[in-house]
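Enquirer: Compute the structure for the input listed below.
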Amino acid sequence: MHVISFANRHHVTGPEAPTTCSFNCIDDSTNDRLNCEETALGDDSCTMADTTTKQSPQTYVGTSKVVQTDYPLIDNDPHFKRVVGYARTSDYVAGATAAAFAPGALYALERFAPSYVGKGGFAKAMRLAGFVGLAGGFLYFYQRSALRFYGATENAREREMDMREMVSKVKAGQPLYGESRLSPYLQGVAARQSRYSALFFSTVPWFNFVNHDQHGVDTAKYYQQAERELEAERAGKA
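Expert: Numbers count the residues shown, from 1 in each chain. A predicted model of the protein is given here:
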């Protein structure tokens, strides 16, 4: 609640005009100087006509875009930790294979078609190829896991893991997608920047490190499942 103090009252009158009182107002909560006006109906007693107040800025939370896929959507903007944590063994194998390709291919070329670079030249080239391989291998590993969250590839295991994780949070009274100190507007900005970002890795590697609640799914299913499980537990104890 803002408390407004009035100071410096001035009367402005005319031959046929009602008395107008202008004020310099100070918001006691912020010490901001405001402009206020009051209009009287023919006498010197002024009644407030327009009240100057401070209002919170409008916030915009856009709808979460959802792409039609062959499998059910789990999360269209999964957090970095979830993507890595849900990865399968096959993802690690595929990522390691992709990471080894660049240095392996360069070494094979050097064996069959020597470059005859000077001393230390080939070692530098191998280090660069190793870095490129590691970066590419990690992105490939990450993308394979992220595509299952999007429902682009088979994701039965991930759907089960997601349900278990979220139901556990519901039972514990925790936020489904973690605590966030950002406003709803900034959460929406973050979500729109990284939603389906794994599909664009070939151009811009982009990850979601922000906790927000815009993930393209109806979270009611988690609460319904938690309610069913709690009811079953109560029935089992009875």
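
Enquirer: Output the below-cut-off pLDDT ranges for the protein.
Expert: Counting by pLDDT under 70, the chain contains low-confidence ranges at 1-63.

Enquirer: All the strands of it, in order from the start?
Expert: If DSSP state E is used as the criterion, the strands of the chain fall at 4-12, 20-27, 32-39, 47-50.

Enquirer: Which residues lie in contact with residue 158 in this structure?
Expert: With contact set as CB atoms under 8 Å, 6 or more residues apart in numbering, residue 158 has these partners: 74, 86, 148-149. C-betas here are computed from N, CA, C, even on glycine.

Enquirer: Over to the residue nearest to residue 179 when sequence neighbours are not counted: give its phi and psi.
Expert: Spatial nearest neighbour of residue 179, chain neighbours left out: residue 211 (6.2 Å); criterion: CB to CB, 6 or more residues apart in numbering. For residue 211, the backbone dihedrals (degrees, to the nearest 10) come out as phi -80, psi 120.

Enquirer: burial of residue 211, as a residue count?
Expert: Residues near residue 211, counting by other CB atoms under 10 Å, number 16.

Enquirer: Go ahead and confirm it touches residue 79.
Expert: Yes. The pair residue 211 / residue 79 is scored as a contact, 6.9 Å apart, by CB atoms under 8 Å.

Enquirer: Show me whatever sits in contact with both of these two.
Expert: Residues touching both residue 211 and residue 79 by CB under 8 Å, 6+ apart: 177-178.

Enquirer: Kindly state the domain boundaries assigned to the protein.
Expert: Following automatic domain parsing, one finds the domains of the chain at 4-48, 80-92+141-224.

Enquirer: Please compute how far the last one lies from its chain's middle.
Expert: Domain 80-92+141-224 has its C-alpha centroid displaced from the chain centroid by 10 Å (CA atoms, centre = their mean, to the nearest Å).

Enquirer: now do the same end-to-end measure for it.
Expert: The first and final residues of domain 80-92+141-224 sit 26 Å from each other (CA to CA, to the nearest Å).

Enquirer: Could you pull up the contacting residues of residue 121?
Expert: With contacts defined as CB under 8 Å, 6+ apart, residue 121 is in contact with residue 115.

Enquirer: looking at it, residue 219 is touching residue 176, isn't it?
Expert: Yes. Using CB under 8 Å, residue 219 and residue 176 qualify as a contacting pair, with a distance of 5.8 Å.

Enquirer: which of the two has more neighbours?
Expert: Just comparing residue 219 and residue 176: by other CB under 10 Å the higher neighbour count belongs to residue 176, 16 against 13.

Enquirer: mind checking the longest helix of this structure?
Expert: If you go by DSSP state H, the chain has its longest helix at helix 121-150.

Enquirer: Grab the nearest non-local neighbour of residue 80.
Expert: Leaving aside its chain neighbours, residue 80 sits nearest to residue 207 (4.8 Å; criterion: CB to CB, 6+ apart).

Enquirer: what number of residues lie near that neighbour?
Expert: One way to gauge burial is a neighbour count; for residue 207, by other CB under 10 Å, it gives 16.
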